[in-house]
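**Student:** Give me coordinates for this.
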Amino acid sequence: MITYKEFNLKEYRNALGKFGTGVAIVSTKTNDELPVGVTINSFNSVSLEPPIVLWSLNKQSPSLKAFDDTRKFVIHVLSKDQVDLSKIFSSRIEEKFANVAYEFGKLGVPLIPGCSATFECTTWLRQEVGDHILFLGRVENFTSTEKEALLYYKGRYAKGTELEENLI
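**Tutor:** Reported below is the predicted structural model:
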């Protein structure tokens, strides 16, 4: 029998951390063409036809206005050798791209090289949910490499392991 106890926000967050995720950076630009980016682990596929992906951003994020104004973004699935990038883009420093190599992709949004995969998107739907904004993006262009992705599990970066057989 399951025993329920009082809802505890810290325990809830720790329980969510037991779901391993990839680590990604989402980038866009301001109206002044300045690059903006944040580290996320809230990325997933929603639809193959049309190609739609989803990610979320805290409503208090100083980057929110840029994502709302531009309505274009790139999701960079980080490779396991990009931990330092993850830390830069999850920090509170203002100019996160100051020492980061990038170019502008097909949609005119900052694109970081060396990632496991990238997805260039236009905002298809923006929805306020609780303390976050959900962004659904239509994938307009993507890249995929053989680089292993960076993982996050129980509040820490993690290494992936190979399964003996493909279960899916």
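**Student:** Dump the C-alpha coordinates for stretch 109-126 into PDB.
**Tutor:** Only the C-alpha atoms of stretch 109-126 are listed here, as PDB (Å, rounded to 0.1, in the frame of the first residue of the first chain):
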ATOM      1  CA  VAL A 109      19.600  32.800 -34.600                       C
ATOM      2  CA  PRO A 110      22.900  32.000 -32.800                       C
ATOM      3  CA  LEU A 111      24.000  28.500 -33.500                       C
ATOM      4  CA  ILE A 112      26.700  26.900 -31.300                       C
ATOM      5  CA  PRO A 113      29.000  24.400 -33.000                       C
ATOM      6  CA  GLY A 114      30.100  21.000 -31.600                       C
ATOM      7  CA  CYS A 115      26.800  19.900 -30.300                       C
ATOM      8  CA  SER A 116      25.300  16.400 -30.400                       C
ATOM      9  CA  ALA A 117      22.300  17.800 -32.300                       C
ATOM     10  CA  THR A 118      20.700  21.100 -33.100                       C
ATOM     11  CA  PHE A 119      17.100  22.000 -33.900                       C
ATOM     12  CA  GLU A 120      16.400  25.400 -35.500                       C
ATOM     13  CA  CYS A 121      12.700  26.300 -34.800                       C
ATOM     14  CA  THR A 122      10.000  28.900 -35.200                       C
ATOM     15  CA  THR A 123       7.700  29.300 -32.300                       C
ATOM     16  CA  TRP A 124       4.500  27.400 -33.100                       C
ATOM     17  CA  LEU A 125       2.700  27.900 -29.800                       C
ATOM     18  CA  ARG A 126       3.500  29.700 -26.500                       C
END
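**Student:** What are the buried residues along that stretch?
**Tutor:** 109-112, 115-121, 123-124 (16 or more other C-beta atoms under 10 Å). Bear in mind the C-beta positions are built from the backbone N, C-alpha and C, glycine included.
**Student:** So which of the residues you listed belong to strands?
**Tutor:** Pro110, Leu111, Ala117, Thr118, Phe119, Glu120, Cys121, Thr123, Trp124 (DSSP state E).
**Student:** closest to Thr28 among the residues you listed?
**Tutor:** Pro110 (7.4 Å; C-beta to C-beta).
**Student:** Return the set of residues that bridge with that closest one.
**Tutor:** Bridge pairing for Pro110 (DSSP bridges) gives the partners Phe104.
**Student:** which residues sit in contact with it?
**Tutor:** By C-beta atoms under 8 Å, 6 or more residues apart in numbering, the residues touching Pro110 are Ser27, Thr28, Lys29, Pro35, Val36, Gly37, Val74, Phe97, Tyr102, Glu103, Phe104.
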